[in-house]
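Novice: here is my input, please return the structure:
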Amino acid sequence: MSRSRLTTAVAAFGIAVITLTGCAPASSEAGESPAETADALEPTTITLYTSEPQEKADELVAAFNEVHPEVTVEVFRAGTGDLTTRVATEQKTGKIQADVFLAADAPTFENYAADDLLREYTPADVDALDPAVVDPEGFYVGTRIIPTVIAYNTDMVEKAPESWADLTDAEYADRLVMPNPDVSGAAAYNAAVWLDEDQLGEEWLTALAANRPVIADSNGPVSQAVATGTQPVGIVVDYLVRELAEQGSPIAVSYPSEGVPFVSQPVGIFADSENVEASEAFVDFLVSAAGQKLAVEQSYLPVRSDVGTPEGAPELDDIAILAPDLETIRSTQAGAVETFRELFQ
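Specialist: Numbering: from 1, shown residues only. Next up is the predicted model:
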């Protein structure tokens, strides 16, 4: 099976994503979708590997069980880097133990598809989704839009940085925090996108490293460091900033003028799965109206246009998006992470 084709749907995100806030699809109503009206399945158990925060993963499973109480979902939660290591280890021993994989970045799923690790499946409500998050060959589908942005502590920063270039200024030396691409799939993806971007590239990443940012394990500790003022400015996914601001923390978000990288938290079914029907039902639910309404309630930007957007989130067509060629990012991501290690060690 060849995966040499370019994923043009993802590259077209900057155009296609506008439809999320524009027109509603004709394929389903917001109040009812195939996943919400599905027939009962045979009682079974599926295993989910995910990088979702544990609380959100628990909420997701609980909502799915309102539709399919006969399916037990066992969750193994870890950062994307740890998950991919676990999958690689299991692959060597002969069988991947998970049925469903829900994690940060599309290049990981491209690699899995190239290695014949994923089962082809097109969700029941696929026509309701933005085509930018749907793998044309049907091995995975995005479940939410997660941009990486600049966060800042409003008690400590008078003028918000407006661009990625601003973060290389001397005034931000020893005042930055960002996630580790060895742990965070989104951070690994971002490293490759930044290095691929003409207006940023290795020169910008080298200048950023010269400001000696603290490297946290993942996005959660980054957002907490900014909210508490341990580090006044951070590079982090936007939904965490909204959540902390809603809780009263002095934190706000800036969308850099050069554009923001994003991940779509794809989901796919492993080819080794022996619980295919239940796994497909779980995927259907994730992108159904009910599943996407839950995503919005969890502060994520949705992948369909009929469920609204989180309070305080900008309109998607007001955000400059960095949408590189996915095949390029896939082939360069490992090298980008190594470059990051060398610069930030």
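
Novice: please make it C-alpha for all contacts and neighbour counts, starting now.
Specialist: Will do.

Novice: let's verify Pro256: helix, strand, or coil?
Specialist: When classified by DSSP: H, G, I helix; E, B strand; the rest coil, Pro256 comes out as coil.

Novice: look up the closest residue to it, ignoring the ones flanking it.
Specialist: Distances taken as Cα to Cα, 6 or more residues apart in numbering put Ser163 closest to Pro256, at 4.1 Å, once the chain neighbours are dropped.

Novice: tell me the contacts of that neighbour?
Specialist: Contacts for Ser163 (Cα atoms under 8 Å, 6 or more residues apart in numbering) come out as Tyr255, Pro256, Ser257, Glu258.

Novice: state the distance from the second one to Ala151.
Specialist: Taking Cα to Cα, to the nearest Å as the criterion, Pro256 is separated from Ala151 by 10 Å.

Novice: what about the two, which has more around it?
Specialist: Taking Pro256 and Ala151 together and counting by other Cα atoms under 10 Å, Ala151 has the greater number of neighbours (29 against 19).

Novice: where does that one sit: helix, strand or coil?
Specialist: strand.

Novice: per-residue pLDDT, it?
Specialist: At Ala151, the model reports a pLDDT of 98.

Novice: could you check how far the nearest residue to it once chain neighbours are set aside is from Pro314?
Specialist: The shortest distance from Ala151 to any non-neighbouring residue, by Cα to Cα, 6+ apart, is to Val253 (4.6 Å). Distance from Val253 to Pro314, counting by Cα to Cα: 11 Å.

Novice: quick one, which of these two is more surrounded?
Specialist: Shown here are Val253 and Pro314; by other Cα under 10 Å, Val253 has more neighbours (27 against 12).

Novice: pretty sure the more buried one sits in a strand.
Specialist: Yes: counting by three-state DSSP, Val253 falls inside a strand.

Novice: and it, what does it touch?
Specialist: So, once contact is read as Cα under 8 Å, 6+ apart, Val253 ends up touching Val149, Ile150, Ala151, Tyr152, Asp238, Val241, Arg242.

Novice: residue boundaries of the helices in this protein?
Specialist: For the chain, applying DSSP state H gives helices covering 8-11, 13-16, 54-67, 80-93, 106-114, 185-196, 201-210, 219-228, 238-246, 276-287, 289-297, 326-344.

Novice: the longest one vs helix 201-210, what angle?
Specialist: Yep, that's helix 326-344 we're talking about. Angle, helix 326-344 to helix 201-210, by axes from the mean of the first three to the mean of the last three Cα atoms, to 10 degrees: 30 degrees.

Novice: buried sites along helix 326-344?
Specialist: For helix 326-344, the neighbour count (16 or more other Cα atoms under 10 Å) marks 326-327, 329-330, 332-334, 336-337, 339-340, 343-344 as buried.

Novice: make CSV out of the residues you listed and add distance to Thr47 and pLDDT.
Specialist: As requested, those are arranged in CSV below (distance: Cα to Cα, whole Å; pLDDT from 0 to 100):
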residue, distance to Thr47, pLDDT
Leu326, 28, 83
Glu327, 29, 86
Ile329, 29, 90
Arg330, 26, 86
Thr332, 30, 94
Gln333, 27, 92
Ala334, 27, 92
Ala336, 31, 96
Val337, 29, 96
Thr339, 34, 97
Phe340, 33, 97
Leu343, 37, 96
Phe344, 36, 95
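
Novice: now, the most widely separated pair of those?
Specialist: Pairwise distances across the buried residues of helix 326-344 (Cα to Cα) peak at 25.7 Å, for the pair Glu327 and Phe344.

Novice: in PyMOL, select just the buried ones from the contacts of Val253.
Specialist: Here is the PyMOL command that selects the buried residues among those (16+ other Cα under 10 Å):
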select buried, resi 149+150+151+152+238+241+242
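
Novice: want to throw the contacts of Val253 into TSV with distance to Leu176?
Specialist: TSV is the format used below for those (distance: Cα to Cα, whole Å):
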residue	distance to Leu176
Val149	13
Ile150	10
Ala151	10
Tyr152	9
Asp238	16
Val241	15
Arg242	19
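
Novice: which one of the contacts of Val253 is nearest to Thr228?
Specialist: Comparing these against Thr228 with Cα to Cα places Tyr152 closest, at 10.4 Å.
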